[in-house]
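1. Dropping the sequence and predicted coords here.
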Amino acid sequence: MPDRDAAWTRFEAAVAGAGPLTRLFEQEPGRLRALAVEAAGLRVDLSKQPLSAAALEAGLALAAAADLEGARARLFGGDIVNASEGRPALHMALRAEDGAGYRAAGDPVSGEVEETRARMAAFAEGVRTETIRGATGKPFRAVVHIGIGGSDLGPRLVWEALKPLQPRIELRFAANVDGAEIAAALAGLDPAETLVIAVSKTFTTLETLANATAARDWLAASVGTEGAKAHFAAVSANVGGAGDFGVAADRVFPFWDWVGGRYSVWSAVGLSCAIGLGWGAFHRFLEGARAMDEHFRAAPLASNAPVLLALAHLANRNGLGRPLRAVVPYARRLALLPAFLQQLEMESNGKRVAADGAPLKRPTAAAVFGDAGTNGQHAFFQLLHQGTDIIPVDIIAAAASDEGPAGSHAKLLANAIAQGEALMRGRTQDEVIVELQTKSVPADEIARLAPQRTFPGDRPTSFILLPDLKPESLGALIALYEHKAFVEGVLWGINSFDQWGVELGKTLASRVLAELEGGPAGDHDPSTADLIARLKG
């Protein structure tokens with residue numbers, strides 16, 4: 001097998017020597033054909049990224065040196081790819097068609113998935129058709145989804161992206177342990193018409209248990225302790241823990257330790273969305289992700305959307321030393337996508353050692369930020385266009401929309417397309433001078449203003465075009481980024497499926513909480529000890 005370090009060096013050198021993007025279009029007539037691919041209904045255009053033909057060839061050689069195809073086969077085969085926790089990472093099984101026959105570490109799992117999926121469908125439709133009701137006989141008009149991290153961000157994104165303008169059942173979310181969040185989630189709701197779904201893989205997460213306890217007390221105050229059970233459901237890999245909390249056995253929906261939290265929206269973690277959207281819509285969401293799975297699994301690497309998107313991001317991160325990336329969905333309904341990708345990418349690939357524990361030789365995950373377009377254009381786009389750092393941008397848009405006034409969507413798309421072109425082309429100082437001269441601006445003013453109105457350009461973008469913002473397209477989009485993060489992890493040589501960096505702060509928070517609640521003082525640095533003492537009074 002080729003040497004990975006040598007392949008990395010070749011890739012980085014090819015990216016660094018690629019030259020300006022506008023020149024690449026002049027030098028490579030087939031550039032668009034090579035770097036724009038169709039996958040699961042999406043068009044992924046990477047032609048405005050710093051991948052020359054030579055850099056693309058070197059990137060594919062790097063993929064070969066890292067045995068990406070073998071790693072992909074092990075992922076889909078249910079091998080233990082999360083070595084530090086001894087687990088497979090088999091989220092693809094959650095959206096596979098019935099009879100798919102997936103195995104996790106050799107054990108068949110598709111049957112359990114299908115059984116749980118059937119229970120989800122029956123429960124969701126029972127709530128929607130009002131055959132499942134609360135303790136007083138009233139139908140459910142609201143669902144409060146309680147979780148944090150992957151147990152919150154995925155369902156919250158899906159609901160905001162796909163919810164009807166006037167939903168039959170309102171979904172609310174509570175994640176933060178700040179009491180204001182659960183108070184806001186419950187405010188104005190009738191407990192007799194409210195279903196609470198607590199989602200926690202371990203059912204020991206402090207924030208989720210605190211909010212679930214508050215919700216349970218709120219229900220019990222209205223419908224009684226026993227009555228509250230009719231208003232509660234849970235999703236957890238710790239089925240026993242959910243039962244100990246008081247959730248009836250037929251209201252506990254499992255997911256499994258081979259499902260990472262940030263990859264879990266396809267499981268019963270998405271139950272609240274299945275209720276709010278209807279099972280048909282949720283099933284189509286799964287189908288869209290499955291289509292991207294099939295593309296990623298079967299497409300040659302040179303025309304594989306997750307692979308090419310990963311190479312574009314690595315070209316910027318490693319080849320050109322760019323530690324930030326903006327994600328700008330030109331769809332208000334996708335405003336939460338940047339936050340979702342922060343967890344997916346930064347938790348998956350924010351690592352400083354390789355899977356074997358050795359220190360890494362190269363930087364890993366870029367920091368992700370963003371907002372919906374066109375809002376972002378009036379906030380951070382000034383930095384993107386004229387700041388001292390070059391920050392690559394992923395632009396996401398839907399070709400069609402059936403919402404809003406006629407003409408609004410065309411205006412939105414015009415902005416999305418224009419921003420990609422403007423970031424690449426820029427505006428030269430000579431062009432600015434000519435423009436100001438035509439306006440009869442005095443020469444001394446031109447000399448002062450021209451540098452301020454010049455845009456350097458050569459700022460890369462990816463353009464991901466969805467046919468529409470329907471369940472299938474959203475499922476394909478999320479799965480595209482899941483597989484992209486996996487490819488990056490393979491090429492960096494890291495484990496993308498553990499998250500030990502989350503644990504230390506949680507452990508210390510438990511110790512600090514004990515002290516704030518009157519326990520003995522612990523061994524802290526002076527600053528931490530002072531803060532605890534001040535808050536204890």
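-> Noted; the coordinates are in hand.
2. contacts and neighbour counts: CA atoms only from here.
-> OK.
3. what are the ranges of the strands in the protein?
-> Ranges of strands within the chain are 36-39, 42-45, 103-104, 107-108, 142-146, 170-174, 194-199, 232-236, 252-254, 324-330, 367-370, 393-398, 461-466, based on DSSP state E.
4. With mean pLDDT as added columns, please give those in CSV.
-> Output for those, formatted as CSV (pLDDT from 0 to 100):
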stretch, mean pLDDT
strand 36-39, 98
strand 42-45, 98
strand 103-104, 97
strand 107-108, 97
strand 142-146, 98
strand 170-174, 98
strand 194-199, 98
strand 232-236, 96
strand 252-254, 96
strand 324-330, 98
strand 367-370, 98
strand 393-398, 98
strand 461-466, 98
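5. so which of these gets nearest Leu341?
-> Proximity to Leu341, assessed across the strands of the chain by Cα to Cα, is greatest for strand 367-370 (7.2 Å).
6. Name the residues that touch that closest one?
-> Counting contacts by Cα atoms under 8 Å, 6 or more residues apart in numbering, the residues outside strand 367-370 that touch it are Pro323, Leu324, Arg325, Ala326, Val327, Val328, Pro338, Ala339, Leu341, Gln342, Met346, Gly376.
7. what's the farthest-apart pair in the residues you listed?
-> Greatest spatial distance among the contacts of strand 367-370 (Cα to Cα): Met346 and Gly376, at 21.2 Å.
8. follow-up on the earlier one: need the winner for burial among the strands of the chain.
-> strand 194-199 (a mean of 28; mean count of other Cα atoms under 10 Å).
9. Spit out the contact partners of the residue lying closest to Leu469 once chain neighbours are set aside.
-> Spatially, and ignoring its direct neighbours in sequence, Leu469 is nearest to Ala398 (6.1 Å; Cα to Cα, 6 or more residues apart in numbering). Residues in contact with Ala398, defined by Cα under 8 Å, 6+ apart, are Tyr330, Ala331, Leu465, Leu466, Pro467, Asp468, Leu469.
10. just those now: which is nearest Ile80?
-> Closest to Ile80, out of all of those and judged by Cα to Cα, is Leu466, at 33.2 Å.
11. in stretch 182-189, what counts as buried?
-> For stretch 182-189, a neighbour-count test (16 or more other Cα atoms under 10 Å) marks Ile182, Ala185, Leu186 as buried.
12. How about the contacts made by the closest residue in space to Leu337 that isn't next to it in sequence?
-> Closest residue to Leu337 apart from its sequence neighbours, by Cα to Cα, 6+ apart: Leu157 at 6.6 Å. Contact analysis of Leu157 by Cα under 8 Å, 6+ apart lists Leu334, Leu336, Leu337, Phe340.
13. most surrounded residue in those residues?
-> Neighbour tally across the contacts of Leu157 (other Cα atoms under 10 Å): the maximum, 26 neighbours, falls on Leu337.
14. mind listing what that residue touches?
-> Leu157, Val327, Pro329.
15. Let's see that with 10 Å instead.
-> By Cα atoms under 10 Å, 6 or more residues apart in numbering, Leu337 lies in contact with 153-154, 156-158, 160-161, 327-329, 331, 369-372, 396, 478.
16. do Ser110 as well
-> Ser110 sits next to 93-104, 116 when contact means Cα under 10 Å, 6+ apart.
17. Tell me how far the closest residue to Ala315 other than its chain neighbours lies from Ala54.
-> In this structure, Ala315 finds its nearest non-sequential neighbour in Val15, 6.1 Å apart by Cα to Cα, 6+ apart. Distance, Val15 to Ala54, using Cα to Cα, to the nearest Å: 8 Å.
18. And the two? Which one has more around it.
-> Val15 (25 against 16).
19. Only alpha carbons, please: show stretch 22-35 as CSV.
-> This file holds the C-alpha atoms of stretch 22-35, laid out as CSV (Å, rounded to 0.1, in the frame of the first residue of the first chain):
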residue,chain,number,x,y,z
THR,A,22,-10.4,31.9,-12.0
ARG,A,23,-7.2,30.6,-13.7
LEU,A,24,-8.1,27.0,-13.0
PHE,A,25,-11.3,27.5,-15.0
GLU,A,26,-9.2,28.9,-17.9
GLN,A,27,-6.7,26.1,-17.7
GLU,A,28,-9.1,23.2,-17.2
PRO,A,29,-12.0,23.2,-19.6
GLY,A,30,-13.4,20.0,-18.1
ARG,A,31,-13.3,21.3,-14.5
LEU,A,32,-17.0,21.6,-14.0
ARG,A,33,-17.6,18.1,-15.3
ALA,A,34,-14.9,16.6,-13.0
LEU,A,35,-15.9,18.4,-9.9
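20. Show me what counts as buried in that stretch.
-> Leu24, Arg31, Ala34, Leu35.
21. Closest to Phe232 out of those residues?
-> Taking Cα to Cα as the measure, Leu35 is the one of these closest to Phe232, at 48.8 Å.
22. From Trp159, how far out is that closest one?
-> For Leu35, the distance to Trp159 equals 32 Å [Cα to Cα].
23. For the nearest residue to Thr208 once chain neighbours are set aside, give me its contacts.
-> If the residues on either side of it in the chain are set aside, Thr208 comes closest to Gly147, at 5.3 Å by Cα to Cα, 6+ apart. Applying Cα under 10 Å, 6+ apart to Gly147 gives the contacts 153, 155, 173-176, 197-201, 203, 205, 207-209, 211-212, 235, 269.
24. Which of those residues fall in helices?
-> Leu153, Pro155, Glu207, Thr208, Leu209, Asn211, Ala212 (DSSP state H).
25. Identify the farthest-apart pair in these.
-> Across the ones in helices among the contacts of Gly147 (Cα to Cα), the longest gap, 18.2 Å, separates Pro155 and Leu209.
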